[in-house]
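Engineer: The following comprises the amino acid sequence and a computationally predicted model.
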Amino acid sequence: MTVLVRLLYASKVSPNFGPMDMRDILESSRRNNVEQGITGLLIMADGHFFQALEGDRKVVNSTYIKILKDVRHSASIILSSQEVDKRQFSGWSMGYVLSTEKNRPLFLSYSAGKYFDPLAMRSAAAESLLAEIDGYARQLGGTESATDTVI
Ligand code: FAD
């Protein structure tokens with residue numbers, strides 16, 4: 001049986017993460033995710049990744065297991081995993097959000113300290129941040145793009 005799920009996790013960017021690593025990650029993610037029916041969003045901010053993966057439960061699980069083995073990040077924790085009726089990011093094979101001056105206040109509004117720390121986020125806060133980013137990107141007309149930074 002196929003069940004649509006959304007998994008959210010956070011991790012730490014590896015210290016030796018280089019400028020070309022993000023390009024490589026997005027390239028393979030977008031290629032693999034289209035093939036596997038996965039959609040989602042990847043945020044990199046303040047030395048952390050925060051990612052949403054949506055799709056069939058088995059496929060999302062196996063993709064997360066593959067991502068866990070990637071040396072370009074560490075200390076990954078699942079923030080939330082739930083069955084959902086509808087995808088939030090159906091237009092994105094993997095939308096990418098980099099921290100900028102413009103969106104930084106949004107990230108910081110979900111942090112106790114002065115840096116974005118998704119490893120310390122509660123599930124409900126993680127879901128709520130995603131919903132806000134989705135709304136933001138829709139306002140900017142960014143939901144059609146599977147290749148660009150979305151906000
Ligand atoms: P290729 O596309 O052929 O490899 C692409 C490049 O990545 C090559 O330069 C290769 O040397 C390098 N590479 C591959 N695997 C690793 C690894 N384990 N460690 C270091 N370098 C490696 N993949 C997805 O399919 N979907 C996702 O949504 C996704 N999200 C990611 C999020 C994060 C934060 C990170 C760190 C990785 C993510 N990846 C994702 C990448 C994933 O971990 C694998 O690297 C990728 O799926 C391998 O794809 P491929 O087999 O087609 O290899």
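Structural biologist: Alright, I've got the coordinates. Numbering: from 1, shown residues only.
Engineer: Which residues of this protein lie near the ligand?
Structural biologist: Within reach of the ligand by CB under 6 Å from any ligand atom, the chain has these residues: 24-25, 28-29, 32-33, 42, 49, 51, 53, 63, 66-67, 69-73, 94. (Glycine included, C-beta is placed from N, CA and C.)
Engineer: Mind doing that once more with 8 Å?
Structural biologist: Residues of the chain found near the ligand (CB under 8 Å from any ligand atom) are 11, 13, 21, 24-25, 27-33, 36, 38, 40, 42, 44, 49, 51, 53, 63, 66-67, 69-73, 94.
Engineer: Apart from its neighbours in sequence, what residue is nearest the spatially most central residue of the chain?
Structural biologist: Nearest residue to the geometric centre of the chain (CA atoms, centre = their mean): residue 51, 2.1 Å. Nearest residue to residue 51, sequence neighbours excluded (CB to CB, 6 or more residues apart in numbering): residue 42, at 4.7 Å.
Engineer: correct me, but the residue nearest to the centre of the chain touches residue 40?
Structural biologist: Yes: at 6.4 Å, residue 51 counts as touching residue 40 under the criterion of CB atoms under 8 Å.
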